[in-house]
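Q: One predicted model, sequence on top.
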Amino acid sequence: MSPTTLPAGLDHGHVTFLGAGPGDPGLLTLRAVEALAHADVLVAEHEVLDVVRQHARQGVAEVHTDKGPDGDTVPGTGTPQLAVVDGASTTAALPAVRDAAHLVMEAARGGRRVVRAVSGDPGLDTYAAGEMLACAAAGVPFEVVPGVAAAVGVPAYAGVPLRDAQGTDVRFVDARTASDRCWTEVGASDGTVVVSTTLDSVAAAAGELVAAGRKPDTPLTVTVAGTTTRQRTWTATLGTIAQTLKQAKVLPSPEGGRPVIAVVGERSAAAQRDQLSWFESKPLFGWRVLVPRTKEQAASLSDQLRSYGAVPHEVPTIAVEPPRTPQQMERAVKGLVTGRYEWIAFTSVNAVKAVREKFEEYGLDARAFAGIKVAAVGEQTAKALIAFGVKPDLVPSGEQSAAGLLEDWPPYDPVFDPIDRVFLPRADIATETLVAGLIELGWEVDDVTAYRTVRASPPPAETREAIKGGGFDAVLFTSSSTVRNLVGIAGKPHNVTVIACIGPATAKTAEEHGLRVDVMAPEPSVHKLAEALADFGARRRAAALDAGDPVTRPSERRPGARRRRSTT
C-alpha cells in the first residue's frame with residue numbers, strides 16, 4: 001500500500017504524538033494544550049490521564065456509537081467526540097485491538113483528530129516510534145509535540161542541576177534496558193549520570209555503577225514522583241543508598257517499584273540541595289488542604305494553594321438555588337432597565353451570577369447597566385462584574401465587607417442624585433448590615449432575594465473519613481456557614497488538622513463547634529487567608545529545621561488524645 005493512500009475510513013485522520021511531561025500539569029507546552037483542545041479522541045497512558053484530561057474539550061467524555069439492527073454496538077459509526085482511553089484498557093467506543101499502534105489507527109478512523117499522549121517526551125518513549133511508523137505506513141498524517149523528559153525535569157524540581165560552570169559531562173541511562181557495555185562506559189566516566197530506574201531497583205543500579213568503577217562514596221540523589229506534590233528526594237552515596245532507603249522505611253512495591261530518577265556524580269550538586277531544593281521546600285508542600293466552598297468560588301483559591309505546594313481538595317458545603325418566588329427578582333430587573341434605580345450593589349459573586357442569568361433570560365446584556373452606578377463588595381465580586389462587561393463604580397478602599405462598603409458609600413443628596421433607590425440582590429440568609437446602613441445614609445433599598453443558599457449533599461464516604469480521621473493537613477473556613485455546613489455534612493475535622501478562618505466571626509463559630517483555630521487572616525479576604533496559612537506552614541517548617549527534626553505534615557503526626565477547645 002502506498003504511504004499516500006489512506007485505508008478505507010481513515011481519510012483525513014490525524015495523529016498528534018504528545019509528550020505530557022514528567023507529572024506536573026504546568027509543564028505541558030502551549031502547543032500541547034492547543035492540540036488537546038482540538039482532539040476528537042485521546043489515547044493516553046494511565047499515568048498521564050489526569051495531566052491531559054483537564055485540557056481536553058469541555059463536556060465531551062467518550063465516543064458515542066450507533067446501534068445495529070439487533071441492538072449491538074457498531075464501532076466507528078457514531079458522532080466523533082472526545083474519548084478518554086486508558087492505555088491499559090479499551091472502551092466500548094473502540095473495538096479490542098492487539099496493541100497501542102492499532103488502537104491509535106482505529107481511533108483515527110473516519111477522519112478523527114487523535115492525540116496520543118505519553119509520559120515525558122515521545123522521542124524517549126519505548127513504543128512511540130513504532131506507532132509513528134505504523135501511521136506512516138498507513139498514510140495517516142501525524143505530528144510530534146515534544147514534552148519535558150523526566151530525566152531532565154525531575155532533577156530540576158529536586159534542586160539538582162545536571163551541569164556546572166565547568167561543563168560537566170552528562171549521561172543518561174535507563175537501568176531497565178541498560179547493557180553491561182553501557183554500565184562500563186558510564187562507570188569509566190567522571191561526569192554526571194542520570195539513571196531512570198525503579199525504587200525497588202535503585203540499589204542494584206548503584207551496585208552496577210560501583211562494579212563498573214565508580215567510587216562507593218560518589219554522591220547520589222533519588223527522587224520518586226518527581227514534579228508532583230508527592231515528590232520525595234533522598235540524598236546518599238552509591239554505597240549507602242540501600243541503607244538510606246531502609247532507614248526511611250521505603251518498602252518493596254508489589255507492583256515492581258515506582259519509577260525514580262537517580263542523579264549520580266561528584267559535581268551533581270547533591271551536597272547543595274539544602275539551598276537549591278526550591279520545590280519540596282514550598283511552605284505547604286504536599287499538604288492536603290480542604291477547601292469547603294462552592295466549586296466556582298474555590299477555583300482561584302485552589303490555584304493559589306497549589307502555588308504554595310499544597311494539594312487542594314474542594315468540598316462544596318453550600319449549594320446555590322433560585323429563589324422560591326422569582327417574581328420579586330423579575331420586577332427588580334425590569335425596574336433596572338426602566339430607570340427605577342440610582343445604584344445596584346453586589347455583595348457576592350453569586351449575586352452577579354443571579355442577575356446575569358436573569359438578564360440572559362430576558363435577552364439583555366451589560367448595556368442595560370447604562371446610567372446606573374454599580375457597587376461591588378470586594379475584588380472577587382468586581383472581577384465577576386468585569387467578566388460580565390461591567391466596571392464597578394465603587395469597591396471598598398478598606399475592608400472588603402458590607403461595613404467596608406458603607407464606609408465609602410455616599411449619602412443620598414437630592415441635588416445630585418435624581419433617584420433615591422438602591423437595588424440590592426443578595427442571598428436569602430444575608431445579614432441586614434448593608435440595608436440598615438444605606439437607609440441611614442438616606443437611601444431607599446429594594447432588598448431582593450436573588451438566590452437561596454442550601455446545605456450541599458455530603459461528600460463521598462472516603463472524604464468524610466479523611467476529615468474525621470486526620471487525613472487532611474488543613475481546612476480553610478471562609479464563612480461561619482462553611483463551618484456549620486461542613487460539620488453538618490461531614491463531621492468535625494480531626495484535632496491534628498490546622499484550622500484556618502477568614503475572620504473573627506468565622507473563628508468564633510469554629511470555636512463554638514469545638515475546633516481549635518490555628519490561623520486567622522489579617523483581613524477578610526480568601527487570598528489573605530491562603531497567604532496566612534502559607535506563612536504558618538513556613539514557620540512550622542523553619543522550626544522543625546532549626547530543631548534538627550524532619551519536616552512533616554500535620555497529618556503525619558497523630559497524637560492519641562483529641563485536643564479540642566473546650567466550649568465550657
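A: Ah, there it is.
Q: CA atoms for contacts and neighbours, from now on please.
A: Will do.
Q: Touching whichever strand or helix holds residue 222 from outside, list them.
A: Using DSSP states H and E, residue 222 sits within strand 219-224. For strand 219-224, contacts defined as Cα atoms under 8 Å, 6 or more residues apart in numbering pick out 154-155, 158, 199, 230-238, 241, 258-266, 268, 270-271.
Q: Could you do stretch 416-430 as well?
A: 323, 329, 332, 336, 340-348, 351, 355, 412, 414, 442-453.
Q: For ChimeraX, what selects the buried ones among the residues you listed?
A: Here is the ChimeraX command that selects the buried residues among the contacts of stretch 416-430 (16 or more other Cα atoms under 10 Å):
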select :323,329,332,336,340,341,342,343,344,345,346,347,348,351,355,412,443,444,445,446,447,448,449,450,451,452,453
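Q: out of the contacts of stretch 416-430, which are inside strands?
A: 343-346, 444-453 (DSSP state E).
Q: Report the two of those residues separated the most.
A: 444 and 453 (25.4 Å; Cα to Cα).
Q: Tell me how far the residue in the chain sticking out farthest from the centre lies from residue 314.
A: Farthest-out residue of the chain from its mean C-alpha position, per Cα atoms, centre = their mean: residue 415, at 52.3 Å. From residue 415 across to residue 314, the span is 50 Å (Cα to Cα, to the nearest Å).
Q: Can you get me a residue count around residue 159?
A: 22 (other Cα atoms under 10 Å).
Q: Contacts only, for it.
A: 273, 276, 277, 278, 279.
Q: tell me the contacts of the closest residue to it other than its chain neighbours?
A: Excluding the flanking residues, the one nearest residue 159 by Cα to Cα, 6 or more residues apart in numbering is residue 277, at 4.2 Å. Residues near residue 277 by Cα under 8 Å, 6+ apart: 157, 158, 159, 160.
Q: these two touch, right, the last one and residue 273?
A: Yes - using Cα atoms under 8 Å, residue 160 makes contact with residue 273 at a distance of 6.6 Å.
Q: More neighbours: these two, which one.
A: residue 160 (21 against 17).
Q: check which helix or strand covers that one.
A: Going by DSSP H and E, residue 160 is not in any helix or strand.
Q: Now it: phi and psi?
A: Backbone torsions of residue 160, given as degrees, to the nearest 10, read phi -130, psi 90.
Q: so what strands line up beside the strand holding residue 222?
A: Strand 219-224 has its sheet partners listed here by DSSP bridges as strand 232-237 (antiparallel), strand 259-264 (antiparallel).
Q: how about the last one as CSV, C-alpha atoms only?
A: In other words, strand 259-264. C-alpha atoms of strand 259-264 as CSV (Å, rounded to 0.1, in the frame of the first residue of the first chain):
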residue,chain,number,x,y,z
PRO,A,259,9.7,4.9,38.6
VAL,A,260,12.5,7.1,40.0
ILE,A,261,15.3,9.3,38.7
ALA,A,262,18.7,9.0,40.3
VAL,A,263,21.4,11.6,39.8
VAL,A,264,25.0,10.4,40.4
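Q: And for that strand, what's in contact with it?
A: 150-151, 154-155, 160, 192-199, 202, 218-226, 238.
Q: can you check the first one too?
A: Outside strand 232-237, the residues within contact range by Cα under 8 Å, 6+ apart are 158, 216-226, 241, 244-245, 270, 280.
Q: Please save the CA atoms from that strand in PDB.
A: This file holds the C-alpha atoms of strand 232-237, laid out as PDB (Å, rounded to 0.1, in the frame of the first residue of the first chain):
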ATOM      1  CA  ARG A 232      10.300  12.900  47.700                       C
ATOM      2  CA  THR A 233      14.100  13.000  47.400                       C
ATOM      3  CA  TRP A 234      16.700  11.100  49.300                       C
ATOM      4  CA  THR A 235      20.400  12.100  49.400                       C
ATOM      5  CA  ALA A 236      23.100   9.400  49.900                       C
ATOM      6  CA  THR A 237      26.100   7.800  48.200                       C
END
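Q: per-residue confidence averaged over that strand?
A: Taken as a whole, strand 232-237 has an average pLDDT of 92.
Q: circling back: with distance to residue 543 and pLDDT added, can I get the ones in strands among the contacts of stretch 416-430 in TSV?
A: As requested, the ones in strands among the contacts of stretch 416-430 are arranged in TSV below (distance: Cα to Cα, whole Å; pLDDT from 0 to 100):
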residue	distance to residue 543	pLDDT
343	51	94
344	49	94
345	46	94
346	43	93
444	55	94
445	53	93
446	54	93
447	51	91
448	51	91
449	49	90
450	48	90
451	46	88
452	45	86
453	42	80
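Q: of those, closest to residue 432?
A: Nearest to residue 432 among the ones in strands among the contacts of stretch 416-430, with distances taken as Cα to Cα, is residue 447, at 9.4 Å.
Q: Dig out what that closest one forms beta bridges with.
A: residue 424.
Q: Show the contacting residues for it.
A: 423, 424, 425, 426, 435.
Q: let's go with 10 Å and repeat that
A: 328-329, 332, 422-428, 432, 434-435 (Cα atoms under 10 Å, 6 or more residues apart in numbering).
Q: cool, and residue 192?
A: 161-163, 168-172, 186, 220, 263-269 are the contacts of residue 192 under Cα under 10 Å, 6+ apart.
Q: Among these, which lie within helices?
A: residue 186 (DSSP state H).
Q: Now do the strands in the stretch 51-200 of the chain.
A: For the stretch 51-200 of the chain, applying DSSP state E, counting those that start in this stretch gives strands covering 66-67, 73-74, 84-86, 113-118, 142-145, 170-174, 192-198.
Q: how about those in CSV, adding mean pLDDT and distance to residue 522?
A: Below are the strands of the stretch 51-200 of the chain laid out as CSV (pLDDT from 0 to 100; distance: least, Cα to Cα, whole Å):
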stretch, mean pLDDT, distance to residue 522
strand 66-67, 34, 58
strand 73-74, 34, 60
strand 84-86, 50, 44
strand 113-118, 90, 44
strand 142-145, 96, 45
strand 170-174, 92, 49
strand 192-198, 93, 46
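Q: For these, give me a markdown table that also has distance to residue 212.
A: Listed next are those as a markdown table, based on distance: least, Cα to Cα, whole Å:
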| stretch | distance to residue 212 |
| --- | --- |
| strand 66-67 | 60 |
| strand 73-74 | 57 |
| strand 84-86 | 40 |
| strand 113-118 | 32 |
| strand 142-145 | 37 |
| strand 170-174 | 14 |
| strand 192-198 | 13 |
